[in-house]
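Colleague: next come a sequence and a model predicted from it.
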Amino acid sequence: MPENDLGSLVRRLSEERADEDAWRALYKLMWPSLLAANQRRLRGAWMAAEDLTQEVFVRIAKYCNFNHFQDEAGFRGYVRAVSRNVCADYVRTLMRTTELPANLASDRGTGGSTAGLIVAEADLRTFADSLDQHDRRLLSALINGNTISEIAVIEGLSYGNTAVRIHRLRNRLRRLREPASLVKTRTSPVKNQPRVQFK
């Protein structure tokens, strides 16, 4: 059976799911079009599109019942649906945001009225992972509403030293931006903000 015939590959996998040659041929045949479609859905975010295209094949391998498809068109429709769902899940993850409190967003500390920065949770997690242990504790304390004075006591530092570290942390945080083409920034305050702890 030709390896560029999708219908033949689907039939082979319906007969023998462990057919590694058929899986390799399916991957090679469908990867280019799936990648291009995911890049369009993600508006050119090609690195994310590559990861998500791989996830499409993972889901097909786990969940697809090849016996359900009578022809190539039916299988292509199934793959498109899986691809749409994978991309939608990714975008929903990006849209979950965290509002940083004013004491972290503003150089005026807890006394300022500046609204908190809105950042994607995924970006905030990546940012936290990039910090050393001391700055992660500092970030957690600020998000949880501790004042500079309280943090200074907790960390055993002077007020001035703590303020300098917070100022540097704020500057780094301001570089965090949500993907403008994928995520709409929320402007309303977040109520009942959960406590956050980075370990």
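Modeller: Great, that's in hand.
Colleague: any idea how far the residue nearest to Asp19 when sequence neighbours are not counted is from Leu169?
Modeller: Excluding the flanking residues, the one nearest Asp19 by C-beta to C-beta, 6 or more residues apart in numbering is Arg12, at 5.3 Å. Bear in mind the C-beta positions are built from the backbone N, C-alpha and C, glycine included. According to C-beta to C-beta, to the nearest Å, Arg12 stands 56 Å off from Leu169.
Colleague: higher neighbour count, those two?
Modeller: Arg12 (20 against 17; other C-beta atoms under 10 Å).
Colleague: what pLDDT is listed against His167?
Modeller: Per-residue confidence (pLDDT) for His167: 83.
Colleague: domain assignment for this structure?
Modeller: Split into domains by automatic domain parsing, the chain comes to 6-95, 97-173.
Colleague: do I have it right that the residue nearest to Asp19 meets Ala22?
Modeller: Yes - at 4.3 Å, Arg12 counts as touching Ala22 under the criterion of C-beta atoms under 8 Å.
Colleague: lowest average pLDDT across the domains of the chain?
Modeller: Per-stretch mean pLDDT for the domains of the chain is lowest at domain 97-173 (a mean of 70).
Colleague: got phi/psi on Glu16?
Modeller: Backbone geometry at Glu16, expressed as degrees, to the nearest 10, gives phi -150, psi 100.
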